[in-house]
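Asker: Could you look at this predicted model? Sequence included:
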Amino acid sequence: MEHNPDRIALWPGYFNAKVSRRSGRRVPRDSSVLKPDLEGLYIAARATGLKKVKREEKISHPNRPHAKEGRLWVSSRGAKESIGASSKEEILQLVGGQWREMQKQQREDEKEAVKRGPATGDKRARAQRKGANKARAAQARAQRSPKQRKRR
């Protein structure tokens, strides 16, 4: 592939919250995410406002040859026009901040769905809930002493 100075490569590993700066993270902790993947990076880049974006899957970063994480190519001219970012670091921080907000919102939505419980008529979820109650009751029975079991 020939060199194109207009393109900037974004790797999901740049946004990994579990990795230190020395090990390859390129954004601050408040712009990093847990378990970064190429699909999430693409969605966050599009949500940020980047229009000229190209995905390449199953490609490994030179410092991480064991991980086929893929990369995202972003046009630097397109980034400057659409979001006003002039450097790679600005693009990384904007995309990382957007991605983190999206991940946080997804976690809150999942918590809310668990709190609401199964939907009306969702027999499968209701059955799983009933099974959990049975498991708790069986665990409580197992914890009782033999004398307490005989009394009942």
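Answerer: All right, it came through fine.
Asker: Sketch out the low-pLDDT regions of the protein for me.
Answerer: Scanning the chain for pLDDT under 70 picks out the ranges 1, 124-132, 145-152.
Asker: just the strands in it please.
Answerer: 7-10, 53-56, 71-75 (DSSP state E).
Asker: Would you mind finding the most buried of those strands?
Answerer: Each of the strands of the chain was scored by mean neighbour count; the highest is strand 71-75, a mean of 20, by mean count of other C-beta atoms under 10 Å. To be clear about C-beta, it is placed using only N, CA and C from the backbone, and glycine gets the same treatment.
Asker: mind listing what's buried in stretch 6-25?
Answerer: When burial is assessed from 16 or more other C-beta atoms under 10 Å, stretch 6-25 yields the following buried residues: 8, 10, 11, 12, 13, 14, 15, 16, 17, 19, 25.
Asker: Can you pick out the most distant pair from those residues?
Answerer: Within those, 8 and 17 form the most distant pair, 21.6 Å apart (C-beta to C-beta).
Asker: Closest one to residue 40 out of the buried residues of stretch 6-25, please.
Answerer: residue 12 (7.5 Å).
Asker: Run a quick check on the closest one versus residue 38, I expect a contact.
Answerer: Yes. Counting by C-beta atoms under 8 Å, residue 38 is a contact partner of residue 12 at 5.7 Å.
Asker: residues shared between the contacts of these two?
Answerer: Counting by C-beta atoms under 8 Å, 6 or more residues apart in numbering, the shared contacts of residue 12 and residue 38 are 69, 70, 71.
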